[in-house]
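*Asks:* For reference, the sequence and a predicted model appear below.
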Amino acid sequence: MRFVPMLLAALLVFSASAQAEAPEFYDFDTQVEEQRFRSLIAELRCPKCQNQNIADSNAPISKDMRDQVYVMMQAGATDDEIVGALVDRFGEFVKYKPPVDRRTVVLWAFPAIAMFGGVLIVAGVVLRSRRRDSAESALSPDEKARVNRILADEDR
């Protein structure tokens, strides 16, 4: 009976290490290939994590995407072919920098459109306030005479 607690403690320690995930290891022939791999997985977005690249994500889908990038690199695929295959599989969302085309032109042009619209709004407000100030301050001779009469009657 004395060995049961020790046996349970040992099983607990060893089961925790059995559940630990082994780190990914990709074997590259050159440092350039490894840098290319790191660059590719840094520019692709995880479809599950929304705002993480597949290099930083621990999601199973990201691991699958990293494995696919590695396999395609080993098969001799170019960067464009690798990114194209992942875009075909997961959609344009996986690219952090979508290309400028007819579908994304509004996305790319929106900051400039918003700035131009803001400048127009500010200019309109300033011009309107200037017109209002000049219109309010200009009195006709009849209005000036009437104001003088009203002020003279108040003095009495």
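*Replies:* Thanks, I have it. Here the structure is a predicted model, which means the values were calculated and not measured. Numbering: from 1, shown residues only.
*Asks:* domain parsing for the protein?
*Replies:* According to automatic domain parsing, the chain comprises the domains 23-94, 105-155.
*Asks:* Going by mean pLDDT, which of those domains comes out lowest?
*Replies:* Among those, domain 105-155 carries the lowest mean pLDDT, at a mean of 83.
*Asks:* pLDDT value on residue 3, please?
*Replies:* In this prediction, residue 3 carries a pLDDT score of 69.
*Asks:* Please renumber the chain so that the first residue is 143 from this point on.
*Replies:* Got it, first residue is 143 now, which makes that one residue 145.
*Asks:* hang on, the earlier thing: give me whichever of the domains of the chain is most buried.
*Replies:* Stretch with highest mean neighbour count among the domains of the chain: domain 165-236 (a mean of 14; mean count of other C-beta atoms under 10 Å). Using the backbone N, CA and C atoms, a C-beta is placed for each residue, glycine as well.
*Asks:* could the domains of the chain go into JSON lines alongside distance to residue 148?
*Replies:* JSON lines is the format used below for those (distance: least, C-beta to C-beta, whole Å):
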{"stretch": "domain 165-236", "distance to residue 148": "31"}
{"stretch": "domain 247-297", "distance to residue 148": "63"}
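*Asks:* Need the CA coordinates for the helix or strand that residue 175 is a member of. CSV is fine.
*Replies:* Counting by DSSP states H and E, the element that carries residue 175 is helix 173-184. What follows is helix 173-184 as a C-alpha-only set of coordinates in CSV (Å, rounded to 0.1, in the frame of the first residue of the first chain):
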residue,chain,number,x,y,z
GLN,A,173,19.8,28.5,-44.6
VAL,A,174,18.2,30.3,-47.6
GLU,A,175,15.5,27.6,-47.9
GLU,A,176,14.8,27.9,-44.1
GLN,A,177,14.5,31.7,-44.4
ARG,A,178,12.2,31.3,-47.4
PHE,A,179,10.0,29.0,-45.4
ARG,A,180,9.9,31.4,-42.5
SER,A,181,9.0,34.2,-44.8
LEU,A,182,6.2,32.3,-46.4
ILE,A,183,4.6,31.2,-43.2
ALA,A,184,4.9,34.7,-41.8
